[in-house]
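Colleague: Show me the folded form of this:
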Amino acid sequence: MEDRVLKAMKEAAKPVRPGDIATVLGVDSKEISKAIKTLKDSGKIHSPKRCFYAVSE
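Modeller: Reported below is the predicted structural model:
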């Protein structure tokens, strides 16, 4: 799931909300939130502003 979320974020090319990713991938937003937490803890993504996430450069 983390790979799918990361790919969707890269394709968006801008900070996105978890709900936007859930809509694109067609999965529950709770699954997206879990994946985002894992990706954020590993440093692969960051939050440029509240409730938005982007791929770390």
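Colleague: Give me the helices and strands touching the helix ranked longest in the chain, please.
Modeller: As assigned by DSSP state H, the longest helix anywhere in the chain is helix 29-41. Contacts defined by 3 or more CB pairs under 8 Å, 6 or more residues apart in numbering; DSSP states H and E place helix 29-41 against helix 2-12, helix 18-25, strand 45-49, strand 52-55. Every C-beta, even on glycine, is put in place using the N, C-alpha and C of the backbone.
Colleague: Any idea how far that helix is from the middle of the chain?
Modeller: 7 Å (CA atoms, centre = their mean, to the nearest Å).
Colleague: So for Lys34, which of the helices and strands packed on helix 29-41 sits nearest?
Modeller: Relative to Lys34, the nearest member of the helices and strands packed on helix 29-41 by CB to CB is helix 2-12, separated by 8.9 Å.
Colleague: Compute the inter-axis angle for the closest one and helix 18-25.
Modeller: Helix 2-12 and helix 18-25 are oriented at 100 degrees to each other (axes from the mean of the first three to the mean of the last three CA atoms, to 10 degrees).
Colleague: contact partners of helix 2-12?
Modeller: Residues outside helix 2-12 that contact it (CB atoms under 8 Å, 6 or more residues apart in numbering): 16, 20-21, 24-25, 32, 35-36, 38-39, 44-45, 53-55.
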